[in-house]
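Asker: Predicted coordinates and the sequence they were generated for:
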Amino acid sequence: MAGRVSRRAQPWWSSIGFQQFPAIGPVTVPASGNTTLCTLITEHMERLWVEIANATQALDAFAIQARFHEDGSFVSLFDAAGDFTSPAGILIGASGDLTTLAAGSSGWFCLDVLGIQAVRLVASAAVNNAAPTIYAAGA
């Protein structure tokens, strides 16, 4: 189920700044409109790494959105194929075009989140019932 995800209680390595989020999903994504996959609270982090493991159907849209204050609105940062195939700015790296992530495949990105309160991931499927699972960690 998509929703707000806070960082969970951490073992010893959290003292060096590593934070691991619980796995999110699989999230059912329909073919119409964008569906929120997750909202990750990134306060006190500098970098966020995310893997999207997609099952059953391909995606036909994917976007990274950010909010800079908890009372603010989300704005789209990256949502075009070229954003992911030629990462620049605060998008440090990506495995390729996440906007057309194939069924049965995984993709990833690394984002500089210093000063970002939360990151939200949204997607749409090419055919009903894509089922991506999100794995995320940051420091």
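Answerer: Structure's in. What do you need? Since the model is a prediction, treat every value here as computed from it, not as a measurement.
Asker: chain center to stretch 57-70: distance?
Answerer: On the basis of C-alpha atoms, centre = their mean, to the nearest Å, stretch 57-70 sits 6 Å off its chain's mean C-alpha point.
Asker: Stretch 82-94 too?
Answerer: From the chain centre to the centre of stretch 82-94 is a distance of 14 Å (C-alpha atoms, centre = their mean).
Asker: and that stretch, average pLDDT?
Answerer: Averaging pLDDT along stretch 82-94 yields 97.
Asker: contacts for that stretch?
Answerer: For stretch 82-94, the surrounding residues in contact (C-beta atoms under 8 Å, 6 or more residues apart in numbering) are 47, 62, 64, 77-78, 95-99, 107-113. The way it works is simple: take the backbone N, C-alpha and C, and place the C-beta from them, glycine included.
Asker: Give me the most central residue, the protein.
Answerer: Centroid check for the chain by C-alpha atoms, centre = their mean gives L121 as the closest residue, at 4.3 Å.
Asker: My read is that it contacts T42, right?
Answerer: No: contact status for L121 versus T42: not in contact, 12.0 Å apart, counting by C-beta atoms under 8 Å.
Asker: sorry, back to before: excluding covalently adjacent residues, which one is nearest to the residue nearest to the centre of the chain?
Answerer: Spatial nearest neighbour of L121, excluding adjacent residues (C-beta to C-beta, 6 or more residues apart in numbering): L37 at 4.3 Å.
Asker: what's the spacing between the residue nearest to the centre of the chain and G17?
Answerer: 22 Å (C-beta to C-beta, to the nearest Å).
Asker: same check, this time on A125
Answerer: On the measure of C-beta to C-beta, A125 and G17 end up 35 Å apart.
Asker: just checking, next helix/strand downstream of the worst-scoring helix or strand of the chain on mean pLDDT?
Answerer: Least confident helix or strand, the chain: strand 4-5 with a mean of 58, by mean pLDDT, DSSP states H and E. Downstream of strand 4-5, the first helix or strand assigned by DSSP states H and E is strand 19-20.
Asker: Mind giving me the packing neighbours of that next one?
Answerer: strand 133-138 (3 or more C-beta pairs under 8 Å, 6 or more residues apart in numbering; DSSP states H and E).
Asker: Give me the pLDDT value at Q10.
Answerer: 50.
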